[in-house]
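*Asks:* Attaching a predicted model along with its sequence, questions to come.
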Amino acid sequence: DTEVTQTPKHLVMGMTNKKSLKCEQHMGHRAMYWYKQKAKKPPELMFVYSYEKLSINESVPSRFSPECPNSSLLNLHLHALQPEDSALYLCASSSPGGLYEQYFGPGTRLTVT
Amino acid sequence: EDQVTQSPEALRLQEGESSSLNCSYTVSGLRGLFWYRQDPGKGPEFLFTLYSAGEEKEKERLKATLTKKESFLHITAPKPEDSATYLCAVQAGYGGATNKLIFGTGTLLAVQP
């Protein structure tokens, strides 16, 4: 089963709200990723977790806070976002160590008002 | 600087009209090249991984090939359901235990009946 699930599918939040995006996989993968994708652009890497530890942070603003509670779950906590943060947020997972394909979830469409 | 370029940006085909999409790359030590398909508003769907020049992979109407400088995604007798954005991504010679992908900007394929 090559499935990554994400909730919610859609999220509308104000600039003062706090919300969280959730991602889950049951493929036994030990690397998990958050990407941001704007319209007609490729996915842009935000964070990488490997064995539940943050290994890459692509200089993402602190209003985005990732969390990996266990090997199957990945959260992205959102606070004080800006309208330009509106995008499709994608979660992915893979075997760690490189050379392995990443499997993506369906994404959360975030709108910041 | 590592770079991935896809061409054409957009391609319109008649059903049954075969063609090829190109992905050229300049990276310091290619470790793997990945092809994904992405439908509007959804997460990328993994298609192929290629590791070394001369390698070929096939799936239904799609065939991916790899040389030392570029990869091609050949589409034979396409159908309207093949319409999507096709993304190419490479993993370069980074150290460490995680795979960071460098994405191209994609080719938007439209197949008309």
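*Replies:* Thanks, I have it.
*Asks:* Assumed residue A:99 was part of a helix.
*Replies:* No - using DSSP: H, G, I helix; E, B strand; the rest coil, the assignment for residue A:99 is coil, not a helix.
*Asks:* Now do the buried residues in the helix or strand encompassing residue B:111.
*Replies:* Secondary-structure assignment from DSSP states H and E places residue B:111 in strand B:107-112. Neighbour counts using 16 or more other Cβ atoms under 10 Å in any protein chain shown place B:107, B:108, B:109, B:111 of strand B:107-112 among the buried residues. For glycine as for every other residue, the C-beta is placed from the backbone atoms N, C-alpha and C.
*Asks:* Throw those residues into TSV and include pLDDT and distance to residue B:22, thanks.
*Replies:* Putting the buried residues of strand B:107-112 into TSV (pLDDT from 0 to 100; distance: Cβ to Cβ, whole Å) gives the following:
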residue	pLDDT	distance to residue B:22
B:107	98	8
B:108	98	14
B:109	98	13
B:111	98	18
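*Asks:* before we move on, back to that, let's see the strand holding residue B:111 as CSV, backbone CA atoms only.
*Replies:* This file holds the C-alpha atoms of strand B:107-112, laid out as CSV (Å, rounded to 0.1, in the frame of the first residue of the first chain):
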residue,chain,number,x,y,z
THR,B,107,5.5,19.8,-18.7
LEU,B,108,1.7,20.3,-18.9
LEU,B,109,0.4,17.7,-21.3
ALA,B,110,-3.1,17.9,-22.8
VAL,B,111,-4.4,15.0,-25.0
GLN,B,112,-7.4,15.8,-27.0
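*Asks:* helices or strands up against that strand?
*Replies:* On a contact count with 3 or more Cβ pairs under 8 Å, 6 or more residues apart in numbering or on different chains; DSSP states H and E, strand B:107-112 meets strand B:10-14, strand B:84-91.
*Asks:* Quickly run through the sheet partners of the helix or strand that the last one is followed by, with directions.
*Replies:* In this case it means strand B:84-91. Downstream of strand B:84-91, the next assigned helix or strand under DSSP H and E is strand B:101-103. Paired neighbours of strand B:101-103 in the sheet (DSSP bridges): strand B:84-91 (antiparallel).
*Asks:* Which stretches in chain A count as strands?
*Replies:* Using DSSP state E, the strands of chain A run over residues A:4-7, A:10-13, A:18-25, A:31-37, A:44-50, A:53-57, A:64-70, A:73-79, A:87-94, A:103-104, A:108-112.
*Asks:* for those strands, which one sits closest to residue B:43?
*Replies:* strand A:103-104 (3.6 Å; Cβ to Cβ).
*Asks:* any residue of that closest one up close to chain B?
*Replies:* Yes - contact of strand A:103-104 with chain B is found when judged by Cβ under 8 Å from any Cβ of the partner chain, involving A:103, A:104.
*Asks:* who's in contact with that strand?
*Replies:* Residues outside strand A:103-104 that contact it (Cβ atoms under 8 Å, 6 or more residues apart in numbering or on different chains) are A:2-4, A:25, A:27, A:29, A:35, A:43, A:90-94, B:36, B:43-46.
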